[in-house]
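Participant: need the 3D shape of this:
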Amino acid sequence: MDALQLVGLVAASAAVAGLARRTPVPAPLLLVAAGLAASYVPGVPDYTLDPHIILPLILPPLLYTAAVDSSYLDLRANIRPVALLSVGYVLFATVAVGWLAYVLVPDLPLTAALVLGAVVAPPDAVAATAIARKLGLPNRITTILQGESLVNDATAITAFKVALAAAVGEGVSWAGGLGEFALAAIGGVGVGLVLMVPIHWLRLRIGEALLQNTLSLLIPFIAYAAAEEVGASGVLAVVVVGLFLGHRNYQVDFATRLQEEAVWKMVAFVLESAVFALIGLQLPYVVQGLGRYGIGEAIGYALGVFVAVVVVRYVWVYPATFLPRLSERIRKREPGVDWRAPLIVGWAGMRGVVSLAIAFSIPVMTDGVEFPARNLVLFLTFTTVIGTLVVQGLTLPPLIRLLKLPGRDTYQETLAEAQAQSEASRAAEERLDALLADERNALPQPLSDRLRTVLERRRNAVWERLGAVNEVTGETADDTYRRLSRAMIEAEREVFVRLRDERRIDDEMLRTLLRRLDLEEAAAYREESA
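Facilitator: Alright, predicted model coming up:
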């Protein structure tokens, strides 16, 4: 892939993702559909997934941004269901789907079938949680899905390595496989624990936001490469570092946080858009490689594997949800659950680019030993990814609406936010009184009153969102305040630009003045952009 092709891929996928924001169709589905359509357009270059690019260069930043945005406390509170899905389910799916594929496909060796099982075992890290958040699923379900997607890639990659070694005749034993899995898991977590504290220390010592964000862009690659270098799981190392830094993000300065949020949103948007488009673009490649398998025969096997993937997830999810609750200790510690929650969790098992990247990393030949039915495994992986994204992705939103799961209680969340802001404002007011009592901090009355006014504004803003709305506009008082504030800022901005055009101020001063307005506007609209 040359530079022009790469630019074209990024530009086209970003345009499709932007279009998806104006439609009810989730962006991953529209991107995959666009990739499928584009793959047969004359003149579109061949885009073949390279696992040497996807796994070390694209997977780490996607995992890192997901981990930073995750709640360490919520994940810790839901560690049991997350572990059952991210580790237990992936291993179960590897064996169960692999065995069913072995039964379904004639002449497919069991070792090759287990490789297929490991490849299609991990659900995607992006699609399900994006849909869950957009539809306002209960926070616990969203946390479980997100926690699963953070760790399951590590489990699947390790299971894949063990199954691949067996498939090419390297004589891997069960003990050896378990040992490799333990090394990957413990080593990955260990590398993450070793790196997270010095990296955070360095972030706090770098005084410039630009340098801090440069380091931030390097962190996932450093963690991934360091773990892989010692034979551990780079995925787990990235997740551990990301969770720690996200939990401690309040300790860096505000400028770093503002820049970092914007930078990582852009990086995640570009990478997610490109990888989902790449999935669709693989169709000609995998179809051409079928070889002795006819397309009709291969489609029949694909339907069987797709059904197996869907059914096996439910075979695991329902017992894993309800059997542990036979324990009184678990029932007391965890909230109650009915049949609808595992139904959603089971149906949210869409596969994604990691499965395809792992499949493409299967070598054609190792030490003179050819991997059996490699092209069929690629085809079955591709159809499983497409099938789950299209079938489950399109039906998940109406299924959630049909089941009428209780969504997020926005009133209670706003009430909790208002109470927290009131408590913080009282502390800030006490701090201000103590500071103003010191003659070294003496301020003219208008300035000290301004500090109190700003504090009072922050305290009242959230409460106003709970109050009555304007009968004409439907806005709360806080909405109206922020709209008028933006109009005033826009008027100032127009004057500054006019003064620059009249050469009464220079461009450097214009940038300074505009940045000040930008920060005020960002503060005024922080709730809207959250």
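Participant: now the most centrally placed residue in the chain: how far from Gly147?
Facilitator: The residue lying closest to the centre of the chain (CA atoms, centre = their mean) is Ala66, at 3.9 Å. Noted for Ala66: a distance of 10 Å to Gly147, by CB to CB, to the nearest Å. No exception for glycine: its C-beta is placed from N, CA and C like everyone else's.
Participant: what does Gly179 give?
Facilitator: Gly179 is 26 Å from Gly147, by CB to CB.
Participant: these two: which is more packed in?
Facilitator: Ranked by neighbour count (other CB atoms under 10 Å), Gly179 and Gly147 place Gly147 first, with 27 against 13.
Participant: ok, the more buried one - contacts?
Facilitator: Each residue near Gly147 by CB atoms under 8 Å, 6 or more residues apart in numbering is listed here: 70, 75, 78-79, 82, 85-86.
Participant: beyond the helix or strand hosting Thr453, next helix or strand please.
Facilitator: Using DSSP states H and E, the element containing Thr453 is helix 445-465. Using DSSP H and E, the next helix or strand after helix 445-465 towards the C-terminus is helix 477-501.
Participant: let me see the mean pLDDT of the helix or strand just after that next one.
Facilitator: As assigned by DSSP H and E, the chain's next helix or strand after helix 477-501 is helix 507-524. Mean pLDDT, helix 507-524: 79.
Participant: which helices and strands does the helix holding Thr453 pack with?
Facilitator: Applying 3 or more CB pairs under 8 Å, 6 or more residues apart in numbering; DSSP states H and E, one finds that helix 445-465 contacts helix 410-436, helix 477-501.
Participant: circling back to that earlier point, helices or strands up against the strand or helix carrying the residue nearest to the centre of the chain?
Facilitator: Ala66 is part of helix 59-69, with elements assigned from DSSP H and E. If you count contacts as 3+ CB pairs under 8 Å, 6+ apart, helix 59-69 packs onto helix 139-167, helix 209-229, helix 234-247, helix 254-281.
Participant: residues in contact with the second one?
Facilitator: This points to helix 209-229. 56-57, 59-61, 63-64, 187-188, 191-192, 195, 199, 202-203, 206, 233-238, 240-242, 245, 252-253, 255-256, 258-260, 263-264, 267.
Participant: quick check: next helix or strand after the helix or strand where Trp316 lies?
Facilitator: In this structure, Trp316 sits in helix 295-322 according to DSSP H and E. Next helix or strand after helix 295-322 toward the C-terminus (DSSP H and E): helix 328-333.
Participant: off-centre distance for that following helix?
Facilitator: 30 Å (CA atoms, centre = their mean, to the nearest Å).
Participant: hmm, who's touching that helix?
Facilitator: 80, 324-325.
Participant: in CSV: the residues you listed, plus pLDDT, neighbour count and distance to Val105.
Facilitator: Converted to CSV, these look like this (pLDDT from 0 to 100; neighbours: other CB atoms under 10 Å; distance: CB to CB, whole Å):
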residue, pLDDT, neighbour count, distance to Val105
Arg80, 92, 14, 35
Pro324, 89, 15, 35
Arg325, 87, 12, 37
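Participant: distance to Thr453 added to the residues you listed, as JSON lines?
Facilitator: As requested, those are exported to JSON lines (distance: CB to CB, whole Å):
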{"residue": "Arg80", "distance to Thr453": "48"}
{"residue": "Pro324", "distance to Thr453": "53"}
{"residue": "Arg325", "distance to Thr453": "52"}
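Participant: and the helices and strands packed on helix 445-465, which one averages the lowest pLDDT?
Facilitator: helix 410-436 - the lowest mean pLDDT of those, at a mean of 78.
Participant: run a quick neighbour tally on Asn78.
Facilitator: Residues near Asn78, counting by other CB under 10 Å: 20.
Participant: next one: Asn460
Facilitator: 18.
Participant: can you tell me how far it is from Phe269?
Facilitator: For Asn460, the distance to Phe269 equals 35 Å [CB to CB].
Participant: now swap in Leu394 and tell me
Facilitator: In terms of CB to CB, Leu394 sits 22 Å off from Phe269.
Participant: then Thr321?
Facilitator: 33 Å.
Participant: looking at these two, which is more packed in?
Facilitator: Shown here are Thr321 and Phe269; by other CB under 10 Å, Thr321 has more neighbours (21 against 16).
Participant: and the nearest residue to the more buried one once chain neighbours are set aside, how many neighbours?
Facilitator: Residue nearest to Thr321 in three dimensions, not counting chain neighbours: Pro342, with 4.3 Å by CB to CB, 6 or more residues apart in numbering. Other residues near Pro342 come to 21 when the count uses other CB under 10 Å.
Participant: let's number from 42 now, not from 1
Facilitator: With the count now opening at 42, the last piece we talked about shows up as Pro383.
Participant: hang on, the earlier thing: show me how far the helix holding Thr494 is from its chain's centre.
Facilitator: 36 Å.
Participant: helices of the stretch 42-191 of the chain, start to end?
Facilitator: With DSSP state H, counting those that start in this stretch as the definition, the stretch 42-191 of the chain shows helices at residue ranges 44-61, 68-79, 92-94, 100-110, 113-118, 120-124, 131-145, 151-160, 168-175, 180-208.
Participant: can you give me the angle the longest one makes with helix 451-477?
Facilitator: Relative orientation of helix 180-208 and helix 451-477, computed by axes from the mean of the first three to the mean of the last three CA atoms, to 10 degrees: 100 degrees.
Participant: circling back to that earlier point, pick the most buried one from the helices of the stretch 42-191 of the chain.
Facilitator: Comparing these by mean neighbour count (mean count of other CB atoms under 10 Å), helix 151-160 ranks first with a mean of 27.
Participant: if we can go back for a sec, the helix holding Ala107 vs helix 275-288, what angle?
Facilitator: Going by the same axes, to 10 degrees, helix 100-110 makes 30 degrees with helix 275-288.
Participant: max-length helix in this protein?
Facilitator: With secondary structure taken from DSSP state H, the chain has its longest helix at helix 215-246.
Participant: pull out the buried positions in that one.
Facilitator: Residues 218, 221-222, 224-226, 228-233, 235-237, 240-241, 244 are the ones in helix 215-246 that count as buried (16 or more other CB atoms under 10 Å).
Participant: got the angle for it vs helix 250-270?
Facilitator: Going by the same axes, to 10 degrees, helix 215-246 makes 160 degrees with helix 250-270.
Participant: which stretches of the stretch 292-441 of the chain have low pLDDT?
Facilitator: Within the stretch 292-441 of the chain, the stretches with pLDDT under 70 are 332, 406-410.
Participant: rerun at 80
Facilitator: Scanning the stretch 292-441 of the chain for pLDDT under 80 picks out the ranges 295, 326, 329-334, 376-377, 405-411.
Participant: which other residues reach stretch 541-561?
Facilitator: With contact meaning CB under 8 Å, 6+ apart, stretch 541-561 is reached by 526, 530, 533-534, 537-538, 540.
Participant: which of these lies closest to Ile182?
Facilitator: Nearest to Ile182, judged by CB to CB, of the contacts of stretch 541-561 is Ser526 at 36.4 Å.
Participant: would you check how far apart the closest one and Gly228 are?
Facilitator: As judged by CB to CB, Ser526 and Gly228 stand 52 Å apart.
Participant: which residues of the stretch 92-241 of the chain score low on pLDDT?
Facilitator: The low-confidence ranges in the stretch 92-241 of the chain, as defined by pLDDT under 80, are 92-93, 166-180, 208-219.
Participant: not counting its neighbours along the chain, what's nearest Ser127?
Facilitator: Nearest to Ser127 is Val192, by CB to CB, 6+ apart, at 3.7 Å.
Participant: wait, the one you found touches Ile120, no?
Facilitator: No. If you go by CB atoms under 8 Å, Val192 and Ile120 don't touch, sitting 10.4 Å apart.
Participant: and for Pro439, the neighbour number?
Facilitator: What Pro439 shows, counting by other CB under 10 Å, is a neighbour count of 10.
Participant: any idea how far Gln187 is from it?
Facilitator: 22 Å.
Participant: what's the pLDDT at the residue of the chain positioned farthest from its centre?
Facilitator: Taking CA atoms, centre = their mean as the measure, the residue most remote from the mean C-alpha position of the chain is Glu480, 50.5 Å away. On pLDDT, Glu480 comes in at 80.
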